[in-house]
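Novice: Sequence plus predicted model, see below.
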Amino acid sequence: MFSTGTVWKNVAAVRQRAPIIHSITNFVVMNTTANALLAAGASPIMAHAPEEMAEMAGIASALVLNIGTLTKPWVESMMLAGMAARERRLPVVLDPVGAGASSLRTTTALEILEKVRPAVVRGNGSEILALAGAAGDTRGVDSARTAHEAVDGARALARRYGAVVVVSGAEDVVTDGDALWLVRGGSPLMPRVTGMGCTATVLVAAHVAVAADVLEGAVTGMAAMSAAGALAARRSQGPGSFQVAFLDVLHSLDLVTVRDEVEVVRA
Amino acid sequence: MFSTGTVWKNVAAVRQRAPIIHSITNFVVMNTTANALLAAGASPIMAHAPEEMAEMAGIASALVLNIGTLTKPWVESMMLAGMAARERRLPVVLDPVGAGASSLRTTTALEILEKVRPAVVRGNGSEILALAGAAGDTRGVDSARTAHEAVDGARALARRYGAVVVVSGAEDVVTDGDALWLVRGGSPLMPRVTGMGCTATVLVAAHVAVAADVLEGAVTGMAAMSAAGALAARRSQGPGSFQVAFLDVLHSLDLVTVRDEVEVVRA
Amino acid sequence: MFSTGTVWKNVAAVRQRAPIIHSITNFVVMNTTANALLAAGASPIMAHAPEEMAEMAGIASALVLNIGTLTKPWVESMMLAGMAARERRLPVVLDPVGAGASSLRTTTALEILEKVRPAVVRGNGSEILALAGAAGDTRGVDSARTAHEAVDGARALARRYGAVVVVSGAEDVVTDGDALWLVRGGSPLMPRVTGMGCTATVLVAAHVAVAADVLEGAVTGMAAMSAAGALAARRSQGPGSFQVAFLDVLHSLDLVTVRDEVEVVRA
């Protein structure tokens, strides 16, 4: 179902249609994720003033809500933007950074799930387990669980909220609550760079904005991420040069790289 | 009037005098623009607490106001800093990021123009047209208009507020409302990197801080940006390596590069 | 006392134990310092919501307070986090960015010193002198004084607050108020990159989290920084490629580099 051709179709569509992705995200990764979107051919906009949220929903093709450095006023803007997006049937992608590490993060992520009904939730194993109600053991913002340990939690979460759930890991897991897809690629260097998870989230948003459906966009977004990450890692000497190579590769990502560097299989 | 020698004079003066540039800017580009200023030899300071604004005006040589991730409290700090700068006749450079994309952005930029009377406004075609009162068609924060389409708007805006207006594009336009200068250089990779426009803004601020007059500083700042961008692009494989090369080139920018990589002509 | 072996022991311990470092820091360097911690093998978490501060103290191994873009609400979060850390005897490292440049910065840094009693204060010469009560002549956020000019101030400050004081410079100074250590390495490129001082601060925090005592951690953290900086500079063409090389070198820092690139001597 999700062949190399499907991934490539969406990589090309992002470049051709340049979807505007509105992000309300954390301070650490704003620059990183904006650059990843630009390298992929999308058009990022960062805005969080409550007064602007309705207008942003009017020009954006997808909305990213990332709670990585949340505070109450930012959560209010996220809710405003999220509700405006829901009204316009704009896809929302939630990145529940650090869910399980503090009750503010867990309850905020659950409130967004409940009220905004995101199309996609992308987190690491600990975060997804925390939201699924299991003991997430979130270790700060880095995961203490593999993606595979979170498969049951991901499925339960997907069914409960009608969302596609993506669990990042050495092997990524994508599920709509029923079907389960595995994305194999990437590199062990990726967790050594801050914001790689958040970058996956925005690429998923860009792909969902152009894909045939949400599940397809989630899978192809993660596949593009994994393909670029795998090739970039081979051209790198460490986490510094990896970041540089990642943007270069993402910008010139071609069919051969997608075919050779990532494997998408149904589990 | 603005020969290679004039550009070079100001490049050297920034290095020699290391002007302190106070920025109240958006979260996405704070790191990028601070690094560009340091690479150029200037001394950046980022501060936005209302309590500090008067003191910052006392130590800075120029002020940058960038509304890229504005909220009401940040706008209040911008107004405080802007008024303190105006009182001290400190040059202010306004970057109206996303003007036209939301009414908050448009009205904030116009309020700053009205009350602070910036020495320079630097935006893309859509932003400048939005402020000039034409239909800007701002496409998120990326421009839907070329710099040339915005020439009349730029001239009108410059006259209305007594400011030098810079419109970034494949070819940059600089006008004081009367004379019109074109800066030719740069690279198509630049709009694929976030914050390149904001970087042009801070380089203009650094040049205005050392230049004979505002128009000269605006032109030479844009010329330094374009020269560094053109050479960096030839040393790059994509938007990741471009960012690295840009800072390296800016840091070691020499007379030959300024002479060969950028053309400044009177229109 | 602080041989190459001691430095290496702590470099290895950070990798092995991956201490969680909670930072409340400035917007300019959040990405930079998170990446440095990850490259060194530590686990960064950025969080500043007042509601989370107690929980963060429960999972972190050290706390960094950096006042680089402070405002009143952020200072309140810093105080909450700082008091929670003090209660749990968690080491706190204070980076008084711009102390002396505004009274808000100076008084905030002094309030943190007074109430939180940080284990370490790391600043440049001007900042440390400003806190020691001498005329700091802080030039924006860049130092107008060498580390050596600040030795007496550093000693006085260390004694007054029972803290280890680190003064960054061409040669770094570390003192507990009594013993004085010099760390020789680094590169003149480092002050041309924003956030290198703040990066030293977080590496000190990571080392203090695993070291035998605070003084040892402060010295070995600065030594790791200096060794990585010296080698990275030789592999760079300017401040852009330096940043890339710095993360790569930090990630693969080995005993030979520590032995050859940095000298730690008792003054």
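Specialist: Thanks, I have the structure now.

Novice: tell me which parts of chain A are close to chain C?
Specialist: A:26-29, A:31-32, A:68-72, A:98, A:101-105, A:139-142, A:191-195, A:236-241, A:243-244 (Cβ under 8 Å from any Cβ of the partner chain). Using the backbone N, CA and C atoms, a C-beta is placed for each residue, glycine as well.

Novice: Tell me, please, where in the stretch 51-200 of chain A the pLDDT is lower than the cut-off.
Specialist: Residues of the stretch 51-200 of chain A meeting the criterion pLDDT under 70: A:134-141.

Novice: mind listing what A:Gly185 touches?
Specialist: By Cβ atoms under 8 Å, 6 or more residues apart in numbering or on different chains, the contact set of A:Gly185 is A:Ala223, A:Ser226, A:Ala227, A:Gly229, A:Ala230, A:Glu261, A:Val262, A:Glu263.

Novice: again, only this time at 10 Å
Specialist: When contacts are counted by Cβ atoms under 10 Å, 6 or more residues apart in numbering or on different chains, A:Gly185 touches A:170-172, A:222-231, A:233, A:257-258, A:260-264.

Novice: Next: A:Leu104.
Specialist: A:Leu104 touches A:Ile67, A:Leu70, A:Thr71, A:Lys72, A:Val75, A:Gly98, C:Ala47, C:Ala49, C:Pro50, C:Glu51, C:Glu52, C:Glu55, counting by Cβ under 10 Å, 6+ apart.

Novice: give me that answer again for 7 Å
Specialist: Residues near A:Leu104 by Cβ atoms under 7 Å, 6 or more residues apart in numbering or on different chains: A:Leu70, C:Ala49, C:Glu51, C:Glu52.

Novice: ok, back up a step: from the contacts of A:Gly185, which land in strands?
Specialist: Judged by DSSP state E, the contacts of A:Gly185 include A:Glu171, A:Asp172, A:Glu263, A:Val264 as members of strands.

Novice: Could you identify which of these has the most neighbours?
Specialist: A:Asp172 (25 neighbours; other Cβ atoms under 10 Å in any protein chain shown).

Novice: so that residue bridges to which residues?
Specialist: A:Val183 (DSSP bridges).

Novice: how close does it get to chain B?
Specialist: Plainly put, A:Asp172 is 22 Å away from chain B if you go by Cβ to the nearest Cβ, to the nearest Å.

Novice: that older thread, out of the residues of chain A next to chain C, which are buried?
Specialist: Using 16 or more other Cβ atoms under 10 Å in any protein chain shown as the burial test, the residues of chain A next to chain C include A:26-29, A:31-32, A:68-71, A:98, A:101-102, A:104-105, A:139-142, A:191-195, A:236-241, A:243-244 as buried.

Novice: Mind checking which of these are in helices?
Specialist: Of the positions in these, A:Asn31, A:Thr32, A:Leu104, A:Arg105, A:Pro239, A:Gly240, A:Ser241, A:Gln243, A:Val244 sit in helices, assigned by DSSP state H.

Novice: which of the residues you listed lies closest to C:Ala150?
Specialist: Nearest to C:Ala150 among those: A:Gly240, at 30.8 Å, using Cβ to Cβ.

Novice: ok, now how distant is that closest one from B:Arg117?
Specialist: 43 Å (Cβ to Cβ, to the nearest Å).

Novice: got it, and A:Gly169?
Specialist: 55 Å.

Novice: out of the two, which sits in the busier spot?
Specialist: Remark: of A:Gly169 and B:Arg117, A:Gly169 carries more neighbours, 19 against 15, as counted by other Cβ under 10 Å.

Novice: Contact partners for that one?
Specialist: Contacts for A:Gly169 (Cβ under 7 Å, 6+ apart) come out as A:Asn124, A:Gly125, A:Thr146, A:Ala147.

Novice: Among those residues, find the one with the greatest number of neighbours, please.
Specialist: A:Asn124 (31 neighbours).

Novice: That one against A:Gly197, yeah?
Specialist: Yes. The criterion here is Cβ atoms under 7 Å, and A:Asn124 meets it with A:Gly197 at 6.2 Å.

Novice: so what's in contact with those two at the same time?
Specialist: With Cβ under 7 Å, 6+ apart as the test, A:Asn124 and A:Gly197 both reach A:Ser168.

Novice: Can you pull the residues of the stretch 151-267 of chain A lying near chain B?
Specialist: A:Gln243, A:Val244, A:Ala245, A:Phe246, A:Leu247, A:Asp248, A:His251, A:Ser252 (Cβ under 7 Å from any Cβ of the partner chain).

Novice: Apart from its chain neighbours, what residue comes closest to the third one?
Specialist: Nearest in space to A:Ala245, with sequence neighbours left out and distances taken as Cβ to Cβ, 6 or more residues apart in numbering or on different chains, is A:Ala232 at 3.8 Å.

Novice: do the second one as well
Specialist: Leaving out its chain neighbours, the residue that sits closest to A:Val244 by Cβ to Cβ, 6+ apart is B:Gly240, at 4.0 Å.

Novice: The fourth one too?
Specialist: Leaving aside its sequence neighbours, A:Phe246 sits nearest to A:Ala232 (Cβ to Cβ, 6+ apart; 4.1 Å).

Novice: Identify the residues contacting that neighbour.
Specialist: Contacts of A:Ala232 by Cβ under 7 Å, 6+ apart are A:Phe242, A:Ala245, A:Phe246, A:Val249.

Novice: Kindly recompute the last result at 10 Å.
Specialist: When contacts are counted by Cβ under 10 Å, 6+ apart, A:Ala232 touches A:186-187, A:189-190, A:241-250, A:257, A:261, B:240.

Novice: So which residue is dead centre in chain A?
Specialist: Centroid-nearest residue in chain A: A:Thr201, 1.5 Å away (criterion: Cα atoms, centre = their mean).
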